[in-house]
Every structure is written in structure tokens, then in C-alpha cells.
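[1] build me a model:
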Amino acid sequence: MWIGKALLAAALLTSAAVPATPAQTTLQEPARQETTLRVKMSGSGVDTLNPFLAFFNGALDIFGTIYPSLNSLDENGKPGPYLATEWTQGPDQLTWTFKIREGLTWSDGRPITAEDAAWTLDLVRTDAVAGTANGSLVSNVEQVTAPDPTTLVIKTKKPQANVMYVSIPISGIPIVPKHVWEPHVKGLKDYKNDTFPVVGYGPWTLTDYKPEQYAKFDANKDFVLGAPGFDRLIQQSFKESDAAVAALRSGQLDYINGVNPTQFTALKGDASLRAVQEVGNGWTGIELNPGAKTRSGKPIGTGHPALREQVVRDAIALAIDKPTLVTKVINGLGQLGHGYLPPAWPQWSWKPTPEEEHVFDPAKANQLLDAAGYAKGADGVRVDPKSGKPLAFRLGTHSDDSADAAISTYLVGWLQAIGIKLTIQPLSMSALNSDLAKGDWDILMDGWTTGPDPTYLLGIQTCATLPKDDGTGGNTEAYYCDKDYDALFERQLTTADPAERAKIVAEMQRTLYLANVDQIFYYANTLDVARTDTVSGIITGAPNAEGLHPAQTAFWSYLKAAPPAAKAKTTGSAGGGAGGEAGGSGVWLGLGALLIVAVGGVLVVRRRKTAGDRE
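    Residues are numbered from 1 along each chain as shown. Have a look, this model is predicted:
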């Protein structure tokens, strides 16, 4: 709204010349208009709102936002207070005592006590369904008790190095209200947790969720670690990343965590945007079906039998030119992949020796297959001498991921050069993971992110994460199962000395690398873009010498985000639902009793989810 100089002068004159009298009504300062932060939901989307079963990044971001954990994490990945204000390890090196805060309440008004934490952790420990997502984090726990409302005691079977990381935002076990969840234990595998608002405690409360559309949150202004800077939060799903970028440019989004390299290059020169790179906290690669089976050893699925052979997997690794993928697919914005744990956590970094490294060598790959008896047919495709089947494999890709599309094209050509035929099968995130769970796949595009403690990611490669014969309890990464690896997993979990633990973790990564069930192509830098006119503080931490920021998490990013000074985006109603909320800016001038307000609105376009970065 434009205000003429004469009108403004008259308003000032009137307010100065007419003194207030007791009979006059004093106009009150207007109520502060509510603000909304709009962000793009993680590309993986949400597999379920049940925190005992979920492992997609979109779901984990939500749980870290609406449920508490024992510990928080600082920007360097060190444990900090949250529900627990302090923790001590007993002289026996097995008993950990956590002091739980007094006075906190769940969003329904019931008190939060140590019993909620004890019940949650013990359920994950003892119930196969409840342990689907995070059972490996408490596999060494013998007992969890709450002797009083402010004391939690965790007793481990052997000394454990990472107890403070068992329950942290995003990548740890969220603590849930016992009084809400206890009635649902019997039918836990089917419980959707979709009654809104969801009872929880965190910086935000989940008030609405529509699959593949949006999640809506209200701020918890009494949050113990500080009130969010915005009143509302909307995470929107987008089917295509270009649509999300268009929404950011037009002001319909405030922030995207993870644009692709082409988009990043185009956006970083825009003065209205802040574009930064994070150190990669995840990897991109492929997984090869080594013979899907249950914990009892029962074969399942339709995987090609040739992929059970080490020589075939080794040949595939030698046929892939990973440096080209780094250069061409992510424009050099990342690092060449080797170990299973990403560079965001350098304490776990590992690389193979030059003798063990799988360097691009198609001639050697052909020699290996020739020597093993995989002769080429008339069509140039090799034949498995045991089954008589041609080496023709299905390659499942995320149908809405541009990187998958680019990578798969290279893979088809490279593997053709060694006598292997690939058929690309673009799949939705849900379909791809459904095939994975049933073992109905040969090769899948794969990607995972992780927090500072490696237990979860290493744990999904253990035999214990294979499904049971009835199909329950499985959260395996790629049906890998090796007893020697499992023994190393238990050792790292119970090794207190950080340097010694790092050596064991390195040996585990070496074991995975040589098995070639998971082949890591690269660790892409995470590329973040935020509008400077609508949000500040959402990108946390200072860049390192290479200009890369520390890995961001939704927990701190959304908590610390705030409208820029003197500017705020307001919420309104425009057709109902998160996708139709209005946004604008409110400006007011204190001219005595004169209030001048300008408000504008824009519609936010609804989109479906994009491809996942975590399976």
C-alpha cells in the first residue's frame, strides 16, 4: 500500500495536535501476525508415521521434530542435553544413569517422566516389531529401568561406547508417550499413528499430514531448548525437484535442503538466495542382490543367481568408472566413494589400499569373467555356467531422481562392455522398497545418510536385520549376512576407546568394500538454498577451509530459523490445507494512533514427493 506524503504528514500532525483524554479509547498495538516457514520435504518422502517401523529420511525428520530424545547433538556431533540434563557411567562400565528433567509435559498435558523413556527403549529391545527400525541400537542393552520419575538407568551386557547416541534426534530412537502407545503394542505393525495433532514433545507438534503432499506443524513455544522462530512449519512434497526450485524462486518456499548440482549452479548467483554446500553425510551407489534369504536361511525373491558369486560382483565393480560419475553427474560437487561411512564424520573415514581399490578396468573385469567360465553368447551377453541364464540383470532406479537417470545410462554402457545386459526399471520409492523387502530385484540404485555414530548404518548390514520367515522384523540394507562382520559389529559397539573403535569400524568397512554387495560411487555435497528475504538462521554452523558447512539436521535448522528482522511471512486461509495457505508480509508504522498495514498473498502449489536419498 502506497501512502502519500500529505496523508502521512496529516496523520503525524493529527496525532500530535489532539491530546488523548480519559474519554478517548486508546488503540492497542496490533497482535503479532503468525509466521510460517515453508520447506521442501526430504526427497525420500514418508514411509510411515510409526516411529518403530520407519526408516525414510522424510519420516525421521518428522520424528526428530515432534518426539523428544534423551540427548541432543551439537553442530560437531557431540551429545548434549535434551530430556536428560546429565548422565554418568558407573564403575562397572555397564550402568548408565540419566537425570531426566522435571516439569515437561506431552502435548496432551500429561507429564513426561523417565518411565516413558524406559518403556520406549525396552519395547524396542524386546519386541521384534518395535525393533524393526532401531533394534540394532539396543542390541547390547540388558535392562532399562526408571526407579523414579527423574531417573533412567540403562544397563548394558558389555561396556558400550555409544550409549549417549542411542536416543538422539533424527538418527536415534525417539521417546514416545507410554500412555498413548501402550494400547497399540499388540497391533504395532499395522498402527499408522495418524490421529492429529500427534501427541509428542519437541520443537514442533504435527497437526496434519497428507501422504505425498505435506506435513503441517505448530511451534512449541515452551520448548526446553528454545522456542522456534516461526509459529508454523510446512514441509511440502514435490514430485519433481524443478518444481520445488520454481517454488523457491517465486517465494512459495523458503528453503530447500538438497538441490541438484545443475540447480545449485543456477541459483547461487541469485542475490535473493543464499546457497551453501554441506559436507556430504551420505553416499550414492548400487546394491547387488547376494541371494535374499530369511534369518533361518530360507531363500526368497527372484534375484539372479549369478549375483551370489563374488567374481561377478567384483567384475561389475571394475567395470564402473566412478570418477566420471563424480564429474558428470554431480559436477564435481562431492568426493569419490569408497567406505560405507560418509566424510561428514571424519572420525570414521576409510579408504582401501591401492592394492585393494576397485579402479576402473574393464579389461580386467572381462578377464575375471572369462576365467570363471562366463562365456559370451552370440548376442555378446555372457551366460551363467551354473544356471544357464544370461547375465541380464534388472536395474531398479528411483523414477523421479535425475541422478539415478544419469547414472543408469552410464552403467548400461559400461556393463555392456563386459558382457552384462542391464534393463533399467524406473520405480517409485515405495515400489522400489517393496521389491527390496521381498527380494524381487537384481541391482538397485541405493543411497543412505547417517549421523555421527555409525551403529545404525553398520547395523543394517548384520544378519540380525534379515526378515523372519513370516516377513516381519526385516530392515536389511541389501541382504548381506556375514558372521565375521557381525562379530566386528559387536566388538565396535562395546569398545570404549575411540581410536580402537575406529580401527574396528575401518575393518568393517573394508569387509563391506571387498564383498561388493554395496558399491559406493560418491559422497555428494548437500546443496542448500534459502531465501534471504523470508528466512534467516536456517543454515547453521560455520564453513570449513573448503567452504563447506557442517551437515545440517532438520532439528536445529527448523528450530533456529526465524523471519529476517522487520519482515515476517504470515499465514492465512486460501482454499484449505497446507498446500493452499497464503503467504505475504505485514508492515506497520507507529504513527500515534494511526496503523497502516499492507498484506499480500500467494498460493503454494501442491506437488508429490521426489526421489529418496534413503531407502
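[2] only C-alpha atoms for contact and neighbour calcs from this point on.
    Fine.
[3] for the helix or strand hosting Lys503, buried residues please.
    For Lys503, the host element (DSSP states H and E) is helix 498-515. Residues 501-502, 504-515 are the ones in helix 498-515 that count as buried (16 or more other CA atoms under 10 Å).
[4] likewise for stretch 543-561?
    Quick answer for stretch 543-561 (16+ other CA under 10 Å): 548-561.
[5] what does it rub up against?
    Stretch 543-561 has contacts (CA atoms under 8 Å, 6 or more residues apart in numbering) with 61, 64-65, 75-76, 169-170, 203, 226-230, 276-281, 344, 526, 535-542.
[6] again, 7 Å this time
    61, 64-65, 75, 169, 203, 228-229, 277-281, 344, 535-542 (CA atoms under 7 Å, 6 or more residues apart in numbering).
[7] which ChimeraX command selects the buried ones in these?
    Applied in ChimeraX, the following selects the buried portion of the contacts of stretch 543-561 according to 16+ other CA under 10 Å:
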select :61,64,65,75,169,203,228,229,277,278,279,280,281,344,535,536,537,538,539,540,541
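[8] Ser107 reaches Val198, doesn't it?
    No - the criterion here is CA atoms under 7 Å, and Ser107 misses it with Val198 at 8.2 Å.
[9] skip ahead from the lowest-mean-pLDDT helix or strand in the chain and say which helix or strand is next.
    The helix or strand of the chain with the lowest confidence, counting by mean pLDDT, DSSP states H and E, is helix 5-17 at a mean of 34. Beyond helix 5-17 on the C-terminal side, the first helix or strand identified by DSSP H and E is strand 36-40.
[10] how long is stretch 331-347 end to end?
    Using CA to CA, to the nearest Å, the end-to-end distance of stretch 331-347 comes to 26 Å.
[11] now the closest residue to Thr95 other than its chain neighbours: phi and psi?
    Spatial nearest neighbour of Thr95, excluding adjacent residues (CA to CA, 6 or more residues apart in numbering): Lys155 at 4.5 Å. Backbone torsions for Lys155, taken as degrees, to the nearest 10, come to phi -110, psi 130.
[12] show me the beta-bridge partners of Lys155.
    Applying DSSP bridges to Lys155 yields these beta-bridge partners: Thr95, Gln143.
[13] that one reaches Val144, doesn't it?
    Yes - using CA under 7 Å, Lys155 makes contact with Val144 at a distance of 6.3 Å.
[14] confirm Ala363 sits in a helix?
    Yes - under DSSP: H, G, I helix; E, B strand; the rest coil, Ala363 falls within a helix.
[15] show me what contacts it?
    Contacts of Ala363 (CA under 7 Å, 6+ apart): none.
[16] quick one, strands of the stretch 501-615 of the chain?
    518-524, 526-531, 548-549 (DSSP state E, counting those that start in this stretch).
[17] okay if I get those strands as JSON lines plus distance to Asp484 and mean pLDDT?
    Output for the strands of the stretch 501-615 of the chain, formatted as JSON lines (distance: least, CA to CA, whole Å; pLDDT from 0 to 100):
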{"stretch": "strand 518-524", "distance to Asp484": "17", "mean pLDDT": "98"}
{"stretch": "strand 526-531", "distance to Asp484": "34", "mean pLDDT": "98"}
{"stretch": "strand 548-549", "distance to Asp484": "37", "mean pLDDT": "96"}
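[18] of those, flag the one that's most buried.
    Each of those was scored by mean neighbour count; the highest is strand 518-524, a mean of 28, by mean count of other CA atoms under 10 Å.
[19] quick one on the thing from earlier: which other helices and strands does the helix holding Lys503 contact?
    helix 483-493 (3 or more CA pairs under 7 Å, 6 or more residues apart in numbering; DSSP states H and E).
[20] which helix or which strand is home to Tyr209?
    Using DSSP H and E, Tyr209 sits in strand 204-210.
[21] pull out the buried residues from that strand.
    For strand 204-210, using 16+ other CA under 10 Å, the buried residues are Trp204, Thr205, Leu206, Thr207, Asp208, Tyr209.
[22] what are the contacting residues of stretch 240-250?
    With contacts defined as CA under 7 Å, 6+ apart, stretch 240-250 is touched by Lys40, Phe238, Leu253, Asp254, Tyr255, Asp400, Thr610.
[23] may I ask which of the residues you listed has the most neighbours?
    Comparing these by number of neighbours (other CA atoms under 10 Å), Tyr255 comes first, having 30 neighbours.
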